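In: Only the shape, not the letters, is given here:
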Ligand code: HPA
């Protein structure tokens with residue numbers, strides 16, 4: 001196997017120069033740099049990243065912890081993170097904390113012990129231990145999807161990247177109200193997540209904008225998962241005066257809601273209209289096709305990498321929160337006929 005000495009000899013430079021090219025520890029003249037890269041290529045030289053880490057104290061790796069990785073929304077975020085990381089020469093270590101605070105702190109500690117240069121984490125509903133750990137060890141971190149903190153709880157020292165939640169949700173509600181619905185049910189997410197509370201705020205805002213009163217009985221938590229949503233939908237359908245339209249607050253809960261509607265023998269949109277937060281690849285294969293809010297998942301992942309790299313380059317810069325807009329994807333589960341559909345890209349933020 002070729003060594004750094006072999007590369008130096010072939011390129012006609014010192015081993016120190018090869019090291020500076022590899023580790024970017026000092027500027028090297030372009031033609032010298034090219035000679036070193038050519039020599040590496042010709043000799044089939046593979047850098048030893050462990051040895052490099054000892055020189056630079058950097059591993060060129062990012063730890064990513066998101067629950068649940070099997071959810072297409074988070075899988076797409078992962079793809080965005082992976083592509084952007086690779087573009088900048090970073091590899092990934094991935095963990096799934098299963099939205100469990102204890103599991104979350106454990107996996108984050110594990111990633112930290114592997115000496116990742118920084119982390120991207122979607123915090124659970126109770127992230128106190130996680131945030132305390134990251135703060136204590138000064139781990140460069142970007143929080144993703146679920147934002148945390150107000151100045152009062154001391155959590156605002158973190159960079160955060162997320163999608164808009166309130167306005168897009170309000171848009172679904174006003175759309176349904178515009179179609180004549182007066183009783184709009186919400187299958188809400190897991191309490192404690194910012195996405196849950198912001199979507200609930202958006203639901204209320206949408207009702208206010210449409211001149212409808214808020215009714216507590218029309219909001220049932222499906223806890224962000226399909227089985228919870230199935231149960232929540234059944235609860236809504238059992239009301240003396242059930243909703244004529246339903247909004248689900250994420251993709252997994254849309255599945256649960258659809259299962260419950262089918263089990264109750266209800267057809268969408270004739271018996272009950274449906275609008276969903278979260279679009280996914282096969283949402284337009286359902287019959288009717290699902291009217292949904294599409295989150296910019298890949299872009300969320302890419303932005304998280306960009307913000308993390310900025311943080312690594314300038315550790316003392318003030319923390320910032322990046323919010324990305326969503327798209328309203330108008331299909332037919334809301335009750336609109338196919339011919340009337342309009343594309344309203346980008347208006348949901
Ligand atoms: N946050 C935002 N969108 C989502 C989530 C979540 O946790 N799960 C599925 N879609």
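Out: Thanks, I have it. The structure presented is a predicted model; accordingly, all values stated were derived computationally and were not measured.
In: how would you label residue 274: helix, strand or coil?
Out: Secondary structure state of residue 274, per DSSP: H, G, I helix; E, B strand; the rest coil, is strand.
In: what number of residues lie near it?
Out: Residues lying near residue 274 (other C-beta atoms under 10 Å) number 29. All C-beta atoms are positioned from the backbone trio N, CA, C, and that covers glycine.
In: contacting residues for it?
Out: Residue 274 makes contact with 245-248, 254, 257-258, 261, 268, 290-291, 333-334, according to C-beta atoms under 8 Å, 6 or more residues apart in numbering.
In: Could you list the residues of this structure in contact with the ligand?
Out: 71, 73, 145, 195, 224, 250-252, 278 (C-beta under 6 Å from any ligand atom).
In: Which of the residues you listed sits closest to residue 36?
Out: Ranked by distance to residue 36 (C-beta to C-beta), these are led by residue 145 at 41.4 Å.
In: ok, for the closest one, nearest residue in space, not its chain neighbours?
Out: residue 122 (4.5 Å; C-beta to C-beta, 6 or more residues apart in numbering).
In: Assign residue 187 to helix, strand or coil.
Out: strand.
In: How about residue 217?
Out: Assignment for residue 217 (three-state DSSP): helix.
In: Can you show me the strands along the chain?
Out: Assigned by DSSP state E, the strands in the chain fall at 61-65, 91-95, 118-121, 141-144, 159-163, 184-188, 219-221, 245-248, 273-277, 291-294, 321-324, 327-329.
In: Show me what the fourth one pairs with in its sheet, parallel or antiparallel.
Out: According to DSSP bridges, the neighbouring strands of strand 141-144, each with its direction, are strand 118-121 (parallel), strand 159-163 (parallel).
In: Distance to residue 186, mean neighbour count and mean pLDDT for the ones you listed - can I get that in CSV?
Out: As requested, the strands paired with strand 141-144 are exported to CSV (distance: least, C-beta to C-beta, whole Å; neighbours: other C-beta atoms under 10 Å; pLDDT from 0 to 100):
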stretch, distance to residue 186, mean neighbour count, mean pLDDT
strand 118-121, 27, 26, 97
strand 159-163, 18, 24, 95
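In: closest to residue 52 out of those strands?
Out: Set against residue 52 and scored by C-beta to C-beta, the strands paired with strand 141-144 come closest in strand 118-121, at 17.2 Å.
In: before we move on, the earlier item: show me which of the residues of the chain next to the ligand is closest to residue 27.
Out: residue 145 (38.5 Å).
In: What number of residues are in the vicinity of the closest one?
Out: Applying other C-beta under 10 Å, we find 26 residues neighbouring residue 145.
In: same question, residue 265
Out: Around residue 265 there are 7 residues (other C-beta under 10 Å).
In: So for it, what's the pLDDT?
Out: Residue 265 is assigned 97 on the pLDDT scale.
In: Ok, the one 4 residues further on next?
Out: Per-residue pLDDT puts residue 269 at 97.
In: Distance check, it against residue 173.
Out: 15 Å (C-beta to C-beta, to the nearest Å).
In: Pick out whichever of these two has more residues nearby.
Out: residue 173 (25 against 21).
In: Find me whatever residue is spatially closest to the more buried one, sequence neighbours aside.
Out: According to C-beta to C-beta, 6+ apart, the nearest residue to residue 173 is residue 206 (2.6 Å).
In: Please list all residues in contact with the residue nearest to residue 74 when sequence neighbours are not counted.
Out: Counting by C-beta to C-beta, 6+ apart, residue 74 lies nearest to residue 66, which is 4.7 Å off, once chain neighbours are set aside. Residue 66 makes contact with 74, 77-78, 96-97, 120-122, 144-145 under the criterion C-beta under 8 Å, 6+ apart.
In: Repeat that for residue 7.
Out: By C-beta under 8 Å, 6+ apart, the contact set of residue 7 is 18, 36, 39-40, 43, 45.
In: Ok, residue 123 next?
Out: With contact set as C-beta under 8 Å, 6+ apart, residue 123 has these partners: 104, 130-131, 143, 146, 148.
In: Return the nearest residue of the stretch 101-250 of the chain with respect to the ligand.
Out: residue 250 (3.6 Å; C-beta to the nearest ligand atom).
In: Spit out the contact partners of that residue.
Out: 73, 189, 195, 224, 277-278.
In: Can you add neighbour count and pLDDT and give those back as JSON lines?
Out: Listed next are the contacts of residue 250 as JSON lines, based on neighbours: other C-beta atoms under 10 Å; pLDDT from 0 to 100:
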{"residue": "73", "neighbour count": "21", "pLDDT": "96"}
{"residue": "189", "neighbour count": "30", "pLDDT": "96"}
{"residue": "195", "neighbour count": "23", "pLDDT": "95"}
{"residue": "224", "neighbour count": "25", "pLDDT": "93"}
{"residue": "277", "neighbour count": "30", "pLDDT": "97"}
{"residue": "278", "neighbour count": "24", "pLDDT": "95"}
